[in-house]
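>>> Provided below are the primary sequence and the corresponding predicted coordinates.
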Amino acid sequence: MMTTKNQYKTFSIPTSLYPFYATSVLTKSEKPAYEIDISSLIPKDIKKDLKENDIKLDIPKTKVFIKFNKEKNLYEYIMVEPVIGRKTFNIYMNLLSVIERNLLSKSKHIELGKILMEIAEEDSEVFEDENMTTLSEPYKKAMYYVVRNLFGYNIITPLLFDTNLEDISINGINEPLYVYHKNYEYIPTNIILKRRIELFGMKIDGSKILDELVLRFTSLSNKTISIANPMIDGVLPAGDRVAATFRMEVSPKGSSLVIRRFPENPLTILDLINSNTLSPEVAAYLWYALDQRMPFMVIGLTGSGKTTLLGALLNLVKPSWKIITIEDIPEINIAQDNWIQLVARPVYGELGKEVSLMDLLKLSLRYRPDMIVVGEIRGEEAYVLFQAISTGHGGATTFHAYDSKSAIQRLLNEPLNIPREWIPTMNLIIDVRRMSLPSKNKVTLRRRIFAIDEVVSVDELRRTVSWDPKEDKHNIDYNSMVVLRRITAEIGIDFEQVKEELERRSEFLRLLASSKKLTSTKESYRLLKKYIIMYSGDPDVALKEARKLSK
């Protein structure tokens with residue numbers, strides 16, 4: 001039965017379920033940049049129950065506006081959710097009350113269809129049609145907040161469904177939430193978790209909502225956070241990274257939370273070609289270098305796309321190779337059958353033992369790998385990696401540095417202390433950057449391989465690839481490929497043959513990149529691997545198949 005109007009007033013709910021939303025000042029003529037659909041949050045059993053009752057749950061979409069603030073000289077991310085009045089709020093509270101009673105009745109799932117039909121017996125405004133299949137506008141809005149808060153993460157739920165966002169950052173209480181947008185870098189939003197939030201006469205403590213969000217994401221990452229241990233760094237089930245602080249123990253503005261987004265399906269070398277991060281010619285060069293076991297290092301600043309590029313290149317590795325990846329946080333995802341993924345582990349309890357990157361790297365040498373990949377070097381593990389490379393193992397890693405010269409200087413000095421004679425064993429240094437490029441009437445941010453250097457000696461670098469900012473294209477200097485020339489000469493391959501092979505691989509990748517059938521599917525990284533395997537078996541047959549695919 002339906003809860004009466006007087007009953008809902010005494011019905012208490014957790015702070016995280018209150019349907020508060022960000023305010024915004026927009027004119028009617030302004031159009032959203034895009035919309036976000038959160039309906040995929042609805043569990044399958046609830047969708048089934050709605051279908052059995054012939055009810056369409058068409059909840060509103062969240063609108064996103066990107067506005068330029070002239071006073072602050074920056075762009076702002078404006079999220080607009082359905083505005084609810086007192087009537088819709090009453091409906092929402094009533095729905096939660098009935099849902100709670102439904103769950104207490106030991107139902108296996110929320111019988112939402114049955115609940116709506118029961119409410120409709122006493123409220124004629126549930127449906128907008130006589131057939132009772134389409135919800136009225138007030139109920140659609142109320143159901144939006146039911147879905148958002150019960151199955152999502154309150155006000156930040158739509159942000160988690162925005163594929164344009166790479167980072168979501170809550171800096172504390174009474175501070176605007178920031179997002180890292182693909183086209184605008186970090187920009188403020190209109191979402192502010194205030195210490196005191198008023199909603200239809202009720203006062204809500206915003207710090208409690210923030211604390212609950214931190215606790216929930218911490219739990220999802222299988223970590224614990226408390227006053228005694230107020231910091232965490234973990235991975236969410238979908239692969240996104242989460243870092244947080246709890247209350248005011250180490251962050252004076254209250255709990256803080258950063259969610260770093262990662263695509264469910266990794267970007268491939270074809271995606272990077274199509275986005276002009278690198279050209280087919282550059283991709284062919286790196287692919288060929290990989291086949292020759294040339295160790296490489298991807299360098300760049302935070303957010304430049306180092307790990308993305310590393311993962312895309314690893315998917316070009318020969319299928320017969322054994323790859324071992326070693327990471328603090330598992331981010332690399334490749335379609336390689338002969339792949340061992342190792343992840344560092346912190347201390348668990350008094351009897352537990354920390355398993356560091358160094359420990360895993362030493363262990364990996366006993367696995368007889370063709371290639372050892374360290375997600376990022378920053379300490380003593382760098383010494384062991386360079387030692388392994390110097391003994392003939394293939395290797396790859398990422399490293400925080402502005403350019404090749406500064407990378408080498410960091411490697412030579414504390415705390416890494418790599419011997420000078422080992423530096424040239426890292427044959428390639430790939431410099432990837434996030435560049436500001438003019439586009440129509442605004443500046444957009446795009447990732448580009450800025451340069452590739454072959455390391456001849458600690459004092460000599462040969463630039464084989466450079467990026468032309470005026471033309472936004474990559475130039476290759478075959479004459480500077482001193483290291484590749486030396487390696488191929490040692491196995492009796494003339495460099496003219498190498499250039500012919502690079503041209504053939506470039507054409508192959510260009511054809512694959514032009515195929516929407518291949519690049520548009522979610523499993524593109526696995527499909528690409530099939531064509532890489534095909535090419536390693538018979539390049540001519542693979543080229544023919546690529547031509548068919550591109551038509």
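Ah, there it is. Residues are numbered from 1 along each chain as shown.

>>> residue ranges of the strands in the stretch 451-551 of the chain, please?
For the stretch 451-551 of the chain, applying DSSP state E, counting those that start in this stretch gives strands covering 460-468, 473-476.

>>> show me what the last one is packed against.
Put plainly, it is strand 473-476. helix 280-291, strand 460-468 (3 or more Cβ pairs under 8 Å, 6 or more residues apart in numbering; DSSP states H and E). C-beta coordinates here come from the backbone N, C-alpha and C atoms, glycine included.

>>> among the strands of the stretch 451-551 of the chain, which comes closest to residue 484?
strand 460-468 (7.9 Å; Cβ to Cβ).

>>> buried ones in that closest one?
For strand 460-468, the neighbour count (16 or more other Cβ atoms under 10 Å) marks 461, 462, 464, 465, 466, 467 as buried.

>>> okay, the angle between it and helix 280-291?
Here strand 460-468 points in a direction 150 degrees away from that of helix 280-291 (axes from the mean of the first three to the mean of the last three Cα atoms, to 10 degrees).

>>> quick one: strands adjacent to strand 460-468?
strand 442-457 (antiparallel), strand 473-476 (antiparallel) (DSSP bridges).

>>> distance between the ends of stretch 347-357?
13 Å (Cα to Cα, to the nearest Å).

>>> what's the closest of the buried residues of strand 460-468 to residue 482?
residue 462 (5.1 Å).

>>> leaving out sequence neighbours, find the closest residue to that closest one.
The shortest distance from residue 462 to any non-neighbouring residue, by Cβ to Cβ, 6 or more residues apart in numbering, is to residue 480 (4.1 Å).

>>> and the closest residue to residue 333 other than its chain neighbours, what does it touch?
Of all residues not flanking residue 333 in the chain, residue 266 sits nearest, at 4.7 Å (Cβ to Cβ, 6+ apart). With contact set as Cβ atoms under 8 Å, 6 or more residues apart in numbering, residue 266 has these partners: 308, 311, 312, 315, 333, 334, 525.

>>> per-residue pLDDT, residue 6?
For residue 6, the pLDDT comes out at 41.

>>> how about the most centrally placed residue in the chain, nearest residue that isn't a chain neighbour?
Residue closest to the average C-alpha location in the chain (Cα atoms, centre = their mean): residue 262, at 1.5 Å. Distances taken as Cβ to Cβ, 6+ apart place residue 239 nearest to residue 262, at 4.8 Å, with adjacent residues excluded.

>>> what number of residues lie near that neighbour?
16 (other Cβ atoms under 10 Å).

>>> before we move on, what about residue 146?
Number of residues near residue 146 (other Cβ under 10 Å) recorded here: 23.

>>> dihedrals phi and psi, residue 70?
phi -70, psi -40 (degrees, to the nearest 10).

>>> count the neighbours of it for me.
Considering only other Cβ under 10 Å, residue 70 is surrounded by 7 other residues.

>>> go on, residue 292?
Here the number of neighbours of residue 292 (other Cβ under 10 Å) works out to 16.

>>> now for residue 161: which residues touch it?
36, 37, 38, 40.

>>> give me the buried entries from those residues.
Counted by 16+ other Cβ under 10 Å, these give 36, 38 as buried.

>>> between the contacts of residue 161, which is closest to residue 80?
Using Cβ to Cβ, the contacts of residue 161 come closest to residue 80 at residue 36, 10.2 Å.
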